[in-house]
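# With the input below, show me the fold.
(2 chains)
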Amino acid sequence: MTDDRSNIETGIVGLGNIGQYHAERLRELEVPLVGGMDVAAEARRRFARRYNVDVYEDHQELYETVDAVVITTPNKYHEEYAVDAFEQGIHVLLEKPLAHDYESAARIAAAARETESVCMVGFNNRFANTVQILKNRIDRGELGDITHVEANYVRRRGIPGRGSWFTRRQIAGGGALIDLGVHAVDLALYLLEYPRVTEVSGIARSEFGSREEYAYLEMWGEDAGPRGFDVDDSATAFVRCAEGRTVSLEVAWATNRPANHEFVVRGSDAAARFDLLEGGLTIHSASTKGSSHLENTSIDVRQNDTHTAEQRAFFDRVRRADEETDETDGSDESGENGGNGGNSEDSGNESVEQALLVQEVIDGIYRSSDADATVSFDE
Amino acid sequence: MARVQLEHITKRYEDVTAVDDVSMEIEDGEFVTFVGPSGCGKSTTMETVAGLTKPSDGKVYIGDREVTNLAPKDRGVAMVFQNIALFPHMDVFENISFGLRLRKYDDDEVRRRVEQAADIVQLEGMLDRMPDEMSGGQRQRVAIARAIVRNPDVFLMDEPLANLDAKLRVHMRTELQRLHRELGTTIIYVTHDQAEAMTMSNRIAVLNEGKLQQLAPPLECYNEPANLFVAGFIGSPSMNFVEGEFTATGFESDNVDVAFEPALVPSVERGETLTLGVRPEDVHLVETADGVTEPTGELHATADVLEPMGDEVFVYLLLSEDADRSMEQEPATAPNQLLMSVTPDTDIHEGKEVAVVLDRSKIHLFETATGNALRHGLTERSDGDSGPTATEADS
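Numbering: from 1, shown residues only, chains lettered A, B, ... in the order given. So this is what the prediction gives:
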């Protein structure tokens, strides 16, 4: 087995900022970028010029030329592009969130269960070195039983492109909570080993985006002012999981407090604190050995490019899946009842199932906010 | 087509046992409904068959093959859920054929199967419609057609009619029965609606708190419930229950005494607490009890509240006038209440004093401590099949 990814011909669906961001990293990993698709002519022209590849207005044309795609379109269109890719056996790296609403997310997950394609959801923060080191320590039991995660994903002024799809409910499905909240919820549940969620309570606010005099220093995309801004720009929530484990959540595109990307993971034997922007990891513990004392262990971590690490993990899985398919090729031509071997023990697309739970939590917080009440998750 | 076997299935979550040692055998071509209150484990049990949930213990077989660890797509099952999950960007043909195209069938075969399935669910001529141009019932037919084209060994349906309006639900019930007759495929159906369970199934599996209570044909669950839970759950309104003592002359309680030969329940000691159960339709006014061949002695009561339902009238009887009225309590548990159903032309009004009898052949006795059924029918000449059912689970 080699690290050779040079035969996985890959396309990008959605050629905006994030699409280009992914395209840059494909080069680093020596994955062949063979084309792109966008409904906007200007985005196609720019992408073709920059990467010198074929671009298409119709995704089906792109799908005739690729083995894998990275889907970075607005949330509402994830379903169409992902499901059509599954149908053609194309592997999918799907930008978070899974979809713009829970129903669409559930349909993507149902399709992913049936497909032979690899599908991974873009929870890039999991791949931060800090998070991987902490996860390893949790798995080894160093923190004891994890009881609570404080998850913060707070910008002081960071609404992405007012007037863009990010700030339109119909396309994005929500604002700060669905855009940033998915990262925070995923990281918290990931560190809790994806427990069963029993109820959520929360509120989603819209305080800044619709102001004429919105003050900011920089913006991802252009500012078209407050017109059409109909989503939340901050949210606070409490998530209750099985066995009394809990998550408290603070998410904001804009709020009157300093930015904060701090996560505190509290366990029975120790706690861990890290900040996604600052890097670094601190373990807080206590002991009576010698004399009672409190201990704060600082761990220096090399910051890494989480999107590159995420892509590497995705293409490694694609390569393994293709190798398995080669081995089992011809063993079952009929396809009757879907009995093609391969990923039978574990379909491997567990990040999709996890993304579906994240979407359910996000949806639950929006429902809780609308109803001004706690939302229970049934059996 | 295939039989389905569950062998000691248990599913534990961190702090909850959702399914607790459930074993059952579903025969090839059978329509079995899992029914029970919310949280009883019926959906989780079905998910272990579907492959959406891996059991903590136990094994699942479909046909002769153990499938406990197989992915859903490799089990030969097709699922239909409550939420009608059609892809909004695909027309009906594309939605129905999605699974086939994933499996790379050739175009002619795909078209042939889709048209056949569309025919079965009566969607001819609608194959180029988009989901948002269709009614809820039509969309659910598309979802069923999508399951049919896969030619599965087993259909798994989890509350597939729950989101439809009441009239359509009744219509789809008959459609599903017709579908089962035409295809002859094994169907496992999950519902909390006992009317669906009673009308469609060959057998129903009643679950409560993760445990299988009874697996039997619908009328057997109704006429010979294995225990108090099944007796109370199946049938609407619920069976009346009266707690009392087993004595030398039969059953005695504050308000209801029923004499019978103690040898009818040989396993019970004198003095033990029993629960007597009788359905509302087996309580009769003395003047209209001509058809009851073996009535009990008369009970005197007052008609407290009448609920006219159209085709029948529910009469809440108070057995003793001096007792407190306990309207807050369920009639099934209030010791001095008895629910009776009568025909609408019956001469009765609120406040009327009446004498009633119970049909001895329809009286059930349960051991109160365990809830297990001891006896169905208190007629002296036993016809041999009135004991507890053999399919009863340990409970």
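
# got the contact list for stretch A:248-257?
A:148-160, A:175-177, A:179-181, A:184-185, A:188, A:202, A:207-209, A:214, A:216, A:233-239, A:260, A:365 (C-beta atoms under 8 Å, 6 or more residues apart in numbering or on different chains). To be clear about C-beta, it is placed using only N, CA and C from the backbone, and glycine gets the same treatment.

# quick one: which of those sit in strands?
Taking DSSP state E, the ones among these that sit in strands are A:148-154, A:202, A:234-239.

# can you tell me how far the residue of chain A most remote from its centre sits from A:Gly144?
No residue in chain A has its C-alpha farther from the mean C-alpha position than A:Gly290, which lies at 45.1 Å (C-alpha atoms, centre = their mean). Going from A:Gly290 to A:Gly144 by C-beta to C-beta, to the nearest Å gives 21 Å.

# Excluding chain neighbours, give the residue nearest to B:Arg113 in space.
Nearest residue to B:Arg113 in three dimensions, chain neighbours excluded: B:Val149, at 4.5 Å (C-beta to C-beta, 6 or more residues apart in numbering or on different chains).

# residues near that neighbour, how many?
Neighbourhood size, B:Val149 [other C-beta atoms under 10 Å in any protein chain shown]: 23.

# In contact with it, which residues are there?
B:Ile96, B:Ser97, B:Gly99, B:Leu100, B:Arg113, B:Val114, B:Gln116, B:Ala117.

# List just the nearest of those to chain A.
Nearest to chain A among the contacts of B:Val149, counting by C-beta to the nearest C-beta, is B:Gly99 at 6.2 Å.

# What is the lowest-pLDDT residue among the contacts of B:Val149?
Among those, B:Gly99 has the lowest pLDDT, at 85.

# Wait, that one touches A:Thr115, no?
No - counting by C-beta atoms under 8 Å, B:Gly99 stays clear of A:Thr115, with 9.8 Å between them.

# So for the two, which sits in the more crowded spot?
Neighbours per residue, other C-beta under 10 Å: of B:Gly99 and A:Thr115, the larger number sits with A:Thr115, 25 against 21.

# Verify the stated contact: that one with A:Phe86.
Yes - using C-beta under 8 Å, A:Thr115 is in contact with A:Phe86, at 3.7 Å.

# shared neighbours of the two, anything?
Common neighbours of A:Thr115 and A:Phe86, counting by C-beta under 8 Å, 6+ apart, are B:Leu102.

# related to what we said a few turns ago, pull out whichever of the ones in strands among the contacts of stretch A:248-257 are also neighbours of chain B.
For chain B, no contacts are drawn from these by C-beta under 8 Å from any C-beta of the partner chain.

# of those, buried ones?
Listed as buried from the ones in strands among the contacts of stretch A:248-257 are A:148-154, A:202, A:234-237, A:239; burial here means 16 or more other C-beta atoms under 10 Å in any protein chain shown.

# what's the farthest-apart pair in the residues you listed?
A:His148 and A:Ser234 (21.2 Å; C-beta to C-beta).

# Next, the contact list for B:Pro131, please.
Neighbour list for B:Pro131: B:Leu86, B:Phe87, B:Pro88, B:Met90, B:Val92, B:Asn95, B:Arg139, B:Val142 [criterion: C-beta under 8 Å, 6+ apart].

# any idea how far it lies from chain A?
To chain A, B:Pro131 is 11 Å away according to C-beta to the nearest C-beta, to the nearest Å.

# Quick check: pLDDT value at that residue.
For B:Pro131, the pLDDT comes out at 94.

# Now it: closest residue in space that isn't a chain neighbour?
In space, and not counting its chain neighbours, B:Pro131 is closest to B:Leu86: 4.3 Å by C-beta to C-beta, 6+ apart.

# Test my guess that that neighbour contacts B:Val142.
Yes - counting by C-beta under 8 Å, B:Leu86 touches B:Val142, with 5.8 Å between them.

# Name the pair among the ones in strands among the contacts of stretch A:248-257 with the greatest separation in space.
A:His148 and A:Ser234 (21.2 Å).

# got the contact list for the residue nearest in space to the middle of chain A?
With distances taken as C-alpha atoms, centre = their mean, A:Phe123 lies nearest the centre of chain A, 2.9 Å away. A:Phe123 sits next to A:Lys96, A:Val182, A:His183, A:Asp186, A:Leu187, A:Tyr190, A:Glu310, A:Ser351, A:Gln354, A:Ala355 when contact means C-beta under 8 Å, 6+ apart.

# and with 6 Å instead?
Applying C-beta atoms under 6 Å, 6 or more residues apart in numbering or on different chains, we find A:Phe123 in contact with A:Lys96, A:Asp186.

# Which phi and psi values does it adopt?
Backbone geometry at A:Phe123, expressed as degrees, to the nearest 10, gives phi -90, psi 70.
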